[in-house]
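Asks: Sequence plus the predicted model coming up.
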Number of protein chains: 4
Amino acid sequence: MRRVIKGGTIITADRSYEADIAVENGVIAEIGPDLKGDEVLDASGCYVMPGGIDPHVHLQMPFMGTFSADDFESGTRAALAGGTTMVVDFCLPDPQQAPLDALAIWDAKARGACADYSYHMAVTWWGETMFDQMQAVTRRGINTFKHFLAYKGALMVNDEELFASFRRCAELGSTALVHAENGDVVAAMQEKLLSEGLTGPEGHALSRPPEVEGEATNRAIMLADMAGVPLYVVHTSCEQAHEAIRRARQKGMRVYGEPLIQHLVLDGSEYRHENWDHAAQRVMSPPFRDKRHQDSLWAGLQAGSLQVVATDHCAFTIEQKRFGLNDFTRIPNGTGGLEDRMPVLWTEGVNTGRLTPNEFVAVTSTNIAKILNCYPQKGAILPGSDADIVVWDPEKSATITPERQQSVVEYNVFEGREVKGLPRYTLARGEVAVEDGAIRATPGHGRFVGRPPMGPV
Amino acid sequence: MRRVIKGGTIITADRSYEADIAVENGVIAEIGPDLKGDEVLDASGCYVMPGGIDPHVHLQMPFMGTFSADDFESGTRAALAGGTTMVVDFCLPDPQQAPLDALAIWDAKARGACADYSYHMAVTWWGETMFDQMQAVTRRGINTFKHFLAYKGALMVNDEELFASFRRCAELGSTALVHAENGDVVAAMQEKLLSEGLTGPEGHALSRPPEVEGEATNRAIMLADMAGVPLYVVHTSCEQAHEAIRRARQKGMRVYGEPLIQHLVLDGSEYRHENWDHAAQRVMSPPFRDKRHQDSLWAGLQAGSLQVVATDHCAFTIEQKRFGLNDFTRIPNGTGGLEDRMPVLWTEGVNTGRLTPNEFVAVTSTNIAKILNCYPQKGAILPGSDADIVVWDPEKSATITPERQQSVVEYNVFEGREVKGLPRYTLARGEVAVEDGAIRATPGHGRFVGRPPMGPV
Amino acid sequence: MRRVIKGGTIITADRSYEADIAVENGVIAEIGPDLKGDEVLDASGCYVMPGGIDPHVHLQMPFMGTFSADDFESGTRAALAGGTTMVVDFCLPDPQQAPLDALAIWDAKARGACADYSYHMAVTWWGETMFDQMQAVTRRGINTFKHFLAYKGALMVNDEELFASFRRCAELGSTALVHAENGDVVAAMQEKLLSEGLTGPEGHALSRPPEVEGEATNRAIMLADMAGVPLYVVHTSCEQAHEAIRRARQKGMRVYGEPLIQHLVLDGSEYRHENWDHAAQRVMSPPFRDKRHQDSLWAGLQAGSLQVVATDHCAFTIEQKRFGLNDFTRIPNGTGGLEDRMPVLWTEGVNTGRLTPNEFVAVTSTNIAKILNCYPQKGAILPGSDADIVVWDPEKSATITPERQQSVVEYNVFEGREVKGLPRYTLARGEVAVEDGAIRATPGHGRFVGRPPMGPV
Amino acid sequence: MRRVIKGGTIITADRSYEADIAVENGVIAEIGPDLKGDEVLDASGCYVMPGGIDPHVHLQMPFMGTFSADDFESGTRAALAGGTTMVVDFCLPDPQQAPLDALAIWDAKARGACADYSYHMAVTWWGETMFDQMQAVTRRGINTFKHFLAYKGALMVNDEELFASFRRCAELGSTALVHAENGDVVAAMQEKLLSEGLTGPEGHALSRPPEVEGEATNRAIMLADMAGVPLYVVHTSCEQAHEAIRRARQKGMRVYGEPLIQHLVLDGSEYRHENWDHAAQRVMSPPFRDKRHQDSLWAGLQAGSLQVVATDHCAFTIEQKRFGLNDFTRIPNGTGGLEDRMPVLWTEGVNTGRLTPNEFVAVTSTNIAKILNCYPQKGAILPGSDADIVVWDPEKSATITPERQQSVVEYNVFEGREVKGLPRYTLARGEVAVEDGAIRATPGHGRFVGRPPMGPV
Ligand SMILES: [Zn+2]
Ligand SMILES: [Zn+2]
Ligand SMILES: [Zn+2]
Ligand SMILES: [Zn+2]
Ligand SMILES: [Zn+2]
Ligand SMILES: [Zn+2]
Ligand SMILES: [Zn+2]
Ligand SMILES: [Zn+2]
């Protein structure tokens, strides 16, 4: 079966041009004028772009005896609804659990995925088994290792462990990822605030101010530089962290920064909302920041000192969020966003003139595929690339509302926001998963995307 | 006739892969495995890359009643010998000369070009005719207007004129270029140094220190931002100018910086050489800088705060240079470099690990084509793109020497330097212009490349 | 007659201690415990500090055939009421007027001064007479020369003139001052805004955005560095200018920045006030800025990258402001502030913890006296220093209101603001000019303060 | 007995003037013209300045079962010989040793001091006793607590301990000090280098590059800011650390940086000296850096972003240094400098025009006394101040040589360096300890200088 996307303007990270695309067997078979096929998708008036890649999601993430609410099925369905055709989840070994054992669990969870996916492996503890199996993990096609500088007593590793793992990554030709907040300070601030009787969600933001993120980012950069490993800083939310990244880049260091769509458009005033649920639903780490940090992040995307936009999608239900009713440190950290990333970024980025359509493709897809080393299988409109394609209608608009969303949670942090620019079609490895608002995603259609190491530096 | 480049690894700005390329009628007809053709060029062991584009050359440039020594023929032959398949010259109207009249002269000079070429139009004076004809100039396919902040009493325009021209460029959707040095200070310093009896080439560098370039760069950026025009800063030679550029970019301003290969590898000690000729041959503006400025420029290319590498090729013979024997201000400004840019940058950039091969393609070709708006006709390995291709042999080495160069001048500022990485073949719009060191370029083969405006911001 | 200030805590730029001060013949005769005298001023509960110095005022400034409203008498009376015991005015030669001739006019105007005063000489034009007389001017005790980079067609000098004057200053051992805004851009923006029909006071701010000030500051710094002259940037109002200053200082350049009290506490929303008079009364250059620039200025005072706080006091009546009713470019530029600088800075700086009392003394008095070279005659509590002293009651509060002010204008840009911290006594060269709110200043008591050059660098 | 210093020019941090000084009972009794006394010290042709204060020395420091070679007697004698009249040593409790117990040991060692002294208390471990006794320590007159981020397994504290101690300092109104290098990385690098067979002194520098210091400085700043405590960074040796400090200061944070005279004038090439002893004698932490870091430090002193100059005097004999013959990690860390700091800084700072004489006084004495809170008892030429005075002969010159030095070690890292500018007299609390090269210091004359806390922020 040959499917042709007809009459649109192809937008890639590096150019815009009019052409049709023929898709066969899940890949792009041909690009050119006047293509013919068994089935035609009308792209007139649309931009035809590489499907989005979300480099940072947590689907069915284990948490306090339960799991984050969206699993691989609902999560990837939400992704496709918003034009995102691949997600990268984080495999999180339990303390002392062998990473390959954790991978087996993740593989089982991912069976229901509607879209393609990959994993980052989290180095949640350090020891010989971790050191040894990291090689096998890379051979499995996972070339990115995540490290937590926060979540003391749980996921956090100390500097000695971090440096050892970074050096291991360097040997293996992998890239190191960090969640950069100083966990010691966060823990001490949490204790202080609670002891002062401040238990509400606003305490969450007060316990993790921008300087705490800036410090950890700066520290991770130095350690990565000394270890000789490229560094990818997840959820860069503030000027302090961005400053550390661009200062490093100006020394020639290979460092990447990942703003989230949430931090680009939402701000810290949300935590002072009179409704506890409203505020708690916005609790994530790092927290939303003051508006001036948003300016910094947008400028970073424009200047190239920040490279990608993600969601850290980790959805919790109202009930789950209420675990922290009397103690903000027990509110599960995370918000949704998978369905909203592309329309919100287009609306606030492209429609405002901050980003060109090409830059939009770069930061939502192509740059990610390159950095994570699955380009041009993903992130490209090229013959032979996977047919992960979004046909984007720049005139289509909607108001974000939980009622119509694919995520299983009952609210949306972008609720009420108008977006203009939405998928007409989303193709997942050739399959039409979204057609003008109708979601036809197939659970189990998604496959694991292996990403080999770059080779040691 | 179908010509196939076989067995190489294609390197573009965004990826590396193995494939053959078929060329027909001057364009790329097909890319893929196992292509067949009438003629085969063996690319085994080679990188197949978009031919270089030099965005900044001066061929047969009028000067003190004579001309710079390389004309379009010898200049483009030198370019092809080094893997560069397109050059952009500067059309320089005389005072009060209509720009369209100047263009006619430039067209005549360019007839002998062996490789494709385009022009920037220089706004060397300001007035109604200039304002009016700028529109016709853009319709001719010239979307870049150059402004001199130095060369007082000659090419220099003042801030009022500059701002008026920048606003005109903004209306026309063009990009503004600047030579950024404070001409008032340079003139005063020249006078002071001469009056103190300092007449030798070392005075050239003393009269134009880095702060003088940094100031003018900063000023041009502000004026461009106020006018709403993208700005391209030619020959960014020092940390001060680079700092101004990256500070602007971090505010979201659209500013580009162009280091020259000379400034990346040569330093100011050259002007203190005991041999007057040696020193005078290195006289160009801005002058070579201290080594720490080189670090800044390389880091800028790595971080993306500087985007392209050029030559400002403007060759003068020994005799011409000697016009300034007793007065450094009369030494014609300029050096060669067209043949050397690609091999020297590969040697010092790629072989040292500073740049990846993909980044090499970006800064020598693709970024330039995009910024100057002739991508993907130029700067790309894509079906339909012009077959401007270099088959690059990373194992081929040579020692740079004036004896074997294509430029007509008798010396070379890179003389004695070992390079490793040279063209096996250079194709100019499909024609094999260089074959393993043998130059078969055809005078007159080069055509003008029109570059339409981007549209007003 | 020996007057003793008793029971207070002396606060200088470098320490705080309890002691009495005896004053005789206009100077400080003795400092120590338990002093006796003919008259005692009770300083119990008070801080005894060097009287403020305002380095930047315009009294009876010629303007469009009339004069700014406060003359040396009312201006210095206002100064004393607020604890300021010395002002420095700007002598402004007419075009081609010899500076010594202008000085004679200024001397005549200053006869009514209640407090000591000095002048800066403005280099409002350039030529042989200016060059020659600059030496005589320095011999008259004026070691600071002001230059306007704005006010095109009036006070503005171009880069060539500026550089020539800076070099002359360097020869004479003087310090250069600049009003740093790019006058060419301001003029073009004014014309553009007016032509678009935007004639109200908000156009004033739109025509001189922060980047325009940042550029001119950066340019002046480079020119001063090349000339080898220390540079003092008046009314530094924004992060852009501050950034240029601290970048220069980090290269070891001798550059000073002067925020105004207005820019520290008032912001650009004032120009959007619905009442034309309200907005017009706030028109000054540079205009008030967004709040984030205030943060930058305060941090500069804390870090030492900005050194002094001034007013640029240049008061115009409601009627005078209305010259610009239909054209914002005709609104006379200037606001008052002489009486308010010290109480407002104390309230917003010291009471908020941003500045220590010692730092307050430094930025309102001591640093100024040092930079302008009249320390320790002024700016000090030392035996032999002029008895310019303010006995500051940190518990005394008031609401600023035009009704009770000394300035002759009918409004006050700080109107309605609560201040806490006011003079109990102000002594002008030993004379009690202010006693608990009662003003007893004597017109004509003020004398010229000569400030010799530092000597060439 | 009244001693008069006659005919000199008094230089303080804020002014220069001619006056005599009368000294009685160890304090300054009078300053003025034509003073009379029982004994006259001729200061004609000299600058009369506050004696130097060295805020960072280690005398008779316990080390591997022995002690650093200079004790309080020889150390303070060396200090006086070079014009330094007060030193601040570090009291270093053993693991779990109560700080008051350690203080008793330090008091015993200090009995032989020829000049006044104070201590910083090092928080070498963390626990309840430390927490509790910190208050008693401040009551003893020690308001500065030192923390080591390096020396893993020995003096180093981790982030949790550091933050707890910083918060305790904030409560007590004390200032936190840090030795800022990332100890985890240093330890890992040492192990790596040794395992690669690199055992010589050059390994010392390779194991602690500038980024490692920059990171720790940045981290300490964040922790101090979060704790609300002023921070003093000892031995700031590189641009990276300086950048972190000035970035913090530009946010209004109270952070101080202390370059050492060694880092200002010596560079990393010393470690590549062919003579092992030469190289090992220069081993200190942080190590000497490349020349460009020197530029940064000098500019910091000029701009005020760095405030003081110290020595970290910690002298080891040739024999002691040889502990590390086969393992650079066992070379005792430290060099001398107490006698050399003032003459070398004058020679390289004042004689070159980088610093004014007033700035010299500020960075060697007055700023230190203010930051450490013993001003104006120390660091001042004021009536009532301790008569710690140096009569400085700017024409006196010498060549530094170990033969003539007061330190007991057999070498000097400044050996062979010419200095111009040396004490004619040094007065230690009124006693003439140095007279034209003859040292008459009295062991036991030195007294402890108490420094009360500033009070909580
Ligand atoms: Zn995270
Ligand atoms: Zn996450
Ligand atoms: Zn040029
Ligand atoms: Zn040029
Ligand atoms: Zn002004
Ligand atoms: Zn003014
Ligand atoms: Zn140390
Ligand atoms: Zn130490």
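Replies: Perfect, I can see it now. Remember, it's a predicted structure, so these values are computed and weren't measured experimentally. Ligands and ions are numbered 1, 2, ... in the order given.

Asks: Can you tell me the element residue A:343 falls in?
Replies: Per DSSP states H and E: residue A:343 is located in helix A:341-345.

Asks: Ramachandran coordinates for the closest residue in space to residue A:125 that isn't next to it in sequence?
Replies: Using Cβ to Cβ, 6 or more residues apart in numbering or on different chains and skipping the chain neighbours, the partner closest in space to residue A:125 is residue A:95 (5.2 Å). (Each C-beta comes from the backbone N, C-alpha and C, glycine too.) Per-residue torsions, residue A:95: phi -50, psi 130 (degrees, to the nearest 10).

Asks: Residue A:95 reaches residue A:126, doesn't it?
Replies: No - in this structure, residue A:95 is not within contact of residue A:126 by Cβ atoms under 8 Å, at 10.5 Å.

Asks: between the two, who's got more neighbours?
Replies: A side-by-side neighbour count of residue A:95 and residue A:126, using other Cβ atoms under 10 Å in any protein chain shown, places residue A:126 first with 17 against 9.

Asks: My read is that the more buried one contacts residue A:166, right?
Replies: No - Residue A:126 is beyond contact range of residue A:166, at 11.1 Å (criterion: Cβ under 8 Å).

Asks: which residues touch residue A:93?
Replies: A:99, A:101, A:102, A:121, A:122, A:124, A:125, A:130 (Cβ atoms under 8 Å, 6 or more residues apart in numbering or on different chains).

Asks: same check, this time on residue A:160
Replies: Listed by Cβ under 8 Å, 6+ apart, the contact set of residue A:160 reads D:184, D:187, D:188.

Asks: Same check on residue A:408?
Replies: A:69, A:70, A:74, A:315, A:317 are the contacts of residue A:408 under Cβ under 8 Å, 6+ apart.

Asks: Ramachandran coordinates for the nearest residue to residue A:417 once chain neighbours are set aside?
Replies: Nearest non-adjacent residue to residue A:417, counting by Cβ to Cβ, 6+ apart: residue A:400, 4.9 Å away. Residue A:400 adopts backbone torsions of phi -70, psi 130, taken as degrees, to the nearest 10.

Asks: Could you measure from residue A:400 over to chain C?
Replies: From residue A:400 across to chain C, the span is 30 Å (Cβ to the nearest Cβ, to the nearest Å).

Asks: was I right about that residue contacting residue A:412?
Replies: Yes - counting by Cβ under 8 Å, residue A:400 does reach residue A:412; the two are 5.8 Å apart.

Asks: Determine the residues that are contacts of both of these two.
Replies: Joint contacts of residue A:400 and residue A:412 (Cβ under 8 Å, 6+ apart) are residue A:340.

Asks: who's more crowded, the two?
Replies: Shown here are residue A:400 and residue A:412; by other Cβ under 10 Å, residue A:412 has more neighbours (22 against 19).

Asks: Can you show me the strands along the stretch 351-457 of chain A?
Replies: In the stretch 351-457 of chain A, the strands defined using DSSP state E, counting those that start in this stretch lie at A:389-399, A:418-428, A:431-435, A:438-439.

Asks: by contact count, what packs against the shortest one?
Replies: Right, the one you point to is strand A:438-439. With contacts defined as 3 or more Cβ pairs under 8 Å, 6 or more residues apart in numbering or on different chains; DSSP states H and E, strand A:438-439 has these neighbours: helix A:72-81.

Asks: Domain parsing of chain A, as residue ranges.
Replies: Chain A breaks down into these domains under automatic domain parsing: A:2-49+A:381-395+A:419-439, A:51-371.

Asks: got a markdown table for these, with mean pLDDT and distance to residue B:108 too?
Replies: A markdown table is the format used below for these (pLDDT from 0 to 100; distance: least, Cβ to Cβ, whole Å):
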| stretch | mean pLDDT | distance to residue B:108 |
| --- | --- | --- |
| domain A:2-49+A:381-395+A:419-439 | 97 | 33 |
| domain A:51-371 | 97 | 37 |
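
Asks: Need those in JSON lines (columns: distance to residue C:43).
Replies: Shown next, in JSON lines, are the domains of chain A (distance: least, Cβ to Cβ, whole Å):
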{"stretch": "domain A:2-49+A:381-395+A:419-439", "distance to residue C:43": "66"}
{"stretch": "domain A:51-371", "distance to residue C:43": "40"}
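
Asks: which of these is buried the deepest?
Replies: domain A:51-371 (a mean of 22; mean count of other Cβ atoms under 10 Å in any protein chain shown).

Asks: Span of that domain from start to end?
Replies: 16 Å (Cα to Cα, to the nearest Å).

Asks: what bridges to residue A:267?
Replies: Taking DSSP bridges, one finds residue A:289 as the beta-bridge partners of residue A:267.

Asks: mind listing what it touches?
Replies: Counting by Cβ under 8 Å, 6+ apart, residue A:267 makes contact with A:288, A:289, A:290, A:291, A:294.

Asks: try residue A:323
Replies: By Cβ under 8 Å, 6+ apart, the neighbours of residue A:323 are A:64, A:330, A:331, A:332.

Asks: Equivalent analysis for residue A:67, please.
Replies: So residue A:67 contacts A:60, A:61 (Cβ under 8 Å, 6+ apart).

Asks: distance of it from chain C?
Replies: Per Cβ to the nearest Cβ, residue A:67 is found 42 Å from chain C.

Asks: swap in residue A:38?
Replies: Distance check for residue A:38 against chain C: by Cβ to the nearest Cβ, it reads 57 Å.

Asks: No further questions, thank you.
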